[in-house]
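1. after the sequence you'll find the predicted model.
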Amino acid sequence: MKQLLISISISIIICMVAGNCCPLSAQRLAIVDGKWERGAAETVKFFRIHNGDLEELASSKIGTDKRFAFAVNLDAEGFYAIGEMPSAINRYLFYLKPGDVLHVTITKDSYLLSDDNTPENKEMLRWHNFVFPLEDHAVYFMRKISSYKEFFPLLEEKTTALQSYPKIATGNARFDAAFEDFKRNDLLFLAIHFLQTPRVVHPSATEYTAYYRNLSLPELTKNTSLLRYPHGVKLLLDTYMTQITRIDTSANAAGKTPRLSDAIAALLKKENVQLVQNDTLRSEIALLASKDSKTGTEQKFSSGKDAIDFRFSDVNGKQVALSDFKGKVVYIDVWATWCAPCRAEIPHLKKLESEYEANDKIVFIGVSVDKTNDLQKWKDFLIKEQLPGIQLFAGDAAKEQLLDPYKITGIPRFILVGKDGKLANVNAPRPSSERIRALLQETLDCEDASQK
């Protein structure tokens, strides 16, 4: 108890100094006391889930004893997240009410709770242990090399077992009801996220399991539960994209193109109103469509908008700008030497570049976002991996000139720019994707047609 009180005091001071907590109220205060035993993290953050977005409420430095603590004023009970960053890696979800206390240990591979935690969070842990094998493949894919051949049978095994998953009765009716939707959304995230991470081989349309074929957008959007799940609106859009690009073989590539280029606009069309049943969800999708309507670095990133220019040094110190290549299609790889998913894409990128080696209408640019003091490490990596294409080093200027303007929160990130200097796809498929070649060819063909 004494150690907990000390941790609470530390977290209160952190919140007050950081200015990212509401004024503390004893009645609405939630306490999180924990130990971080994973990696060399320096800070742990506490997030609330608001309209599907993760909003940071507090942060805590990890002490030399690996402990961290938060004291946070909660507006309402619900699902909250603890982790290093908003992305799914090293981030876990919990259910907290004002006045709750959570004791958690983040282990090397998962997390543990002490016996004196709430019934709600004990259920959250039970569920996490149930889906952990899926998470291990989908989120922590850098730990092992796996493909759909291992993941799909495991997914079907879990969906079958879910039919007999024990019903809960925690004494909190609000949680018990929300938890049913949470389980569905969490399983969906793992299934979709697996498809979006680097893999050695990819399934054909006929190899997708019943789980994917039976996904129903109207069923997913009957209520607003996706807004209480991290990045829930994006998950909905990704599910839609999965259906039309991977599962639906009845439409030809040309028929799919409008939906691929703007999934948001497609879902908001009158003829697709039945796909999104809940009006609040439709409003959030519409808000997402207009969120980046401002000029400058907040411009809307969609096809036809001007790409934001950048200028960085190549391996010889020569300054090279994106705008130098106007008149060519440009495929940009934003990466770093320390990024395992980035390195996993390199063999696929090399193969892709070799296929277009004789085509002078397309340019491949790699932009490293390694820190400036890692310049030599980057140069050595280029030699070791024999990376082709134009290689640029952003260093410490990456945040201001590239990451913030393009709102890049995770890498690798691929951006496709047309010959006219306008964006063709601000979040283009990876080289390992089965869709990238069709998109590159479509962009090249489109540009050629426009000049005739």
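-> Structure received. Everything numeric here is computed off the predicted structure, so don't read it as measured data. Numbers count the residues shown, from 1 in each chain.

2. who does residue 79 bridge with?
-> Per DSSP bridges, the residues bridged to residue 79 are residue 95.

3. mind listing the helices for the stretch 351-452 of the chain?
-> 375-385, 398, 436-450 (DSSP state H, counting those that start in this stretch).

4. pick the most deeply packed of those.
-> helix 398 (a mean of 23; mean count of other C-beta atoms under 10 Å). (Glycine included, C-beta is placed from N, CA and C.)

5. tell me which residues are up against it.
-> With C-beta atoms under 8 Å, 6 or more residues apart in numbering as the contact definition, helix 398 has outside contacts at 367, 369.

6. state which helix of this protein is the longest.
-> The helix that spans the most residues within the chain, counting by DSSP state H, is helix 173-195.

7. elements contacting the next helix or strand after that one?
-> Per DSSP states H and E, the first helix or strand lying C-terminal to helix 173-195 is helix 210-213. Where contact means 3 or more C-beta pairs under 8 Å, 6 or more residues apart in numbering; DSSP states H and E, helix 210-213 is packed against helix 148-162.

8. put the alpha carbons of stretch 312-327 into PDB.
-> Provided in PDB are the C-alpha atoms of stretch 312-327 (Å, rounded to 0.1, in the frame of the first residue of the first chain):
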ATOM      1  CA  PHE A 312      16.700  15.700 -48.300                       C
ATOM      2  CA  SER A 313      20.300  14.600 -48.900                       C
ATOM      3  CA  ASP A 314      21.300  11.500 -50.800                       C
ATOM      4  CA  VAL A 315      24.300   9.300 -49.800                       C
ATOM      5  CA  ASN A 316      26.700  11.800 -51.400                       C
ATOM      6  CA  GLY A 317      25.300  14.800 -49.600                       C
ATOM      7  CA  LYS A 318      23.400  16.100 -52.700                       C
ATOM      8  CA  GLN A 319      20.100  17.700 -52.000                       C
ATOM      9  CA  VAL A 320      17.200  16.000 -53.800                       C
ATOM     10  CA  ALA A 321      13.600  17.100 -53.800                       C
ATOM     11  CA  LEU A 322      10.400  15.300 -54.600                       C
ATOM     12  CA  SER A 323       9.500  18.100 -57.100                       C
ATOM     13  CA  ASP A 324      12.700  17.200 -59.000                       C
ATOM     14  CA  PHE A 325      10.800  14.200 -60.400                       C
ATOM     15  CA  LYS A 326       7.700  16.000 -61.700                       C
ATOM     16  CA  GLY A 327       6.800  14.300 -65.000                       C
END
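
9. now it: buried residues?
-> The neighbour-count check on stretch 312-327 (16 or more other C-beta atoms under 10 Å) flags 312, 320, 322, 325-326 as buried.

10. out of those residues, which is nearest to residue 417?
-> residue 322 (7.0 Å; C-beta to C-beta).

11. would you check that that closest one makes contact with residue 328?
-> No. If you go by C-beta atoms under 8 Å, residue 322 and residue 328 don't touch, sitting 10.7 Å apart.

12. what do the two both touch?
-> Contacts common to residue 322 and residue 328, judged by C-beta under 8 Å, 6+ apart, are absent.

13. would you map the strands across the stretch 301-450 of the chain?
-> Ranges of strands in the stretch 301-450 of the chain, per DSSP state E, counting those that start in this stretch, are 311-314, 319-321, 329-335, 362-368, 390-393, 413-417, 423-425.

14. quick one: mean pLDDT for the fourth one?
-> Mean pLDDT, taken over the full extent of strand 362-368, equals 95.

15. just want the angle from it to helix 375-385.
-> 130 degrees (axes from the mean of the first three to the mean of the last three C-alpha atoms, to 10 degrees).

16. starting at the chain centroid, how far to strand 362-368?
-> 22 Å (C-alpha atoms, centre = their mean, to the nearest Å).

17. the third one too?
-> Offset of strand 329-335 from its chain centre (C-alpha atoms, centre = their mean): 19 Å.

18. repeat that for the last one.
-> Taking the mean of its C-alpha atoms, strand 423-425 sits 19 Å from the chain's own mean (C-alpha atoms, centre = their mean).

19. packing partners for it?
-> Using 3+ C-beta pairs under 8 Å, 6+ apart, strand 423-425 sits against strand 413-417, helix 436-450.

20. how about residues contacting the shortest one?
-> Which is strand 413-417. Counting by C-beta under 8 Å, 6+ apart, 307, 322, 325, 329-334, 406, 423-431, 439-440, 443 sit against strand 413-417.

21. pairing partners for it, with directions?
-> strand 329-335 (antiparallel), strand 423-425 (antiparallel).

22. between the ones you listed, which gets the lowest average pLDDT?
-> strand 423-425 (a mean of 89).

23. quick one: secondary structure of residue 102?
-> On the three-state scheme (DSSP: H, G, I helix; E, B strand; the rest coil), residue 102 is labelled strand.

24. ok, it to residue 278 distance?
-> Applying C-beta to C-beta, to the nearest Å, the value for residue 102 to residue 278 is 30 Å.

25. which one's more surrounded, these two?
-> Set residue 102 next to residue 278 and count neighbours by other C-beta atoms under 10 Å: residue 102 wins out with 22 against 17.

26. now the more buried one: how far from residue 168?
-> Here the criterion is C-beta to C-beta. By it, residue 102 lies 18 Å from residue 168.

27. please apply the same query to residue 264.
-> Separation of residue 264 from residue 168 (C-beta to C-beta): 35 Å.

28. could you check which of the two has the larger neighbour count?
-> Between residue 264 and residue 168, counting by other C-beta under 10 Å, residue 168 is the more crowded of the two (18 against 15).

29. tell me how far the more buried one lies from residue 225.
-> Residue 168 sits 16 Å away from residue 225, going by C-beta to C-beta.

30. same deal with residue 326?
-> For residue 326, the distance to residue 225 equals 45 Å [C-beta to C-beta].

31. show me the protein divided up by domain.
-> Using automatic domain parsing, the domains assigned to the chain come out as 1-117, 118-291, 296-450.

32. isn't residue 78 right up against residue 94?
-> No. If you go by C-beta under 8 Å, residue 78 and residue 94 don't touch, sitting 10.0 Å apart.

33. neighbour count winner among the two?
-> Shown here are residue 78 and residue 94; by other C-beta under 10 Å, residue 94 has more neighbours (24 against 17).

34. and the nearest residue to residue 123 once chain neighbours are set aside, what element?
-> Counting by C-beta to C-beta, 6 or more residues apart in numbering, residue 123 lies nearest to residue 168, which is 5.3 Å off, once chain neighbours are set aside. Residue 168 belongs to no helix or strand when assigned by DSSP H and E.

35. surely residue 168 and residue 177 touch.
-> No. At 10.3 Å, residue 168 and residue 177 do not qualify as touching, with contact defined as C-beta under 8 Å.
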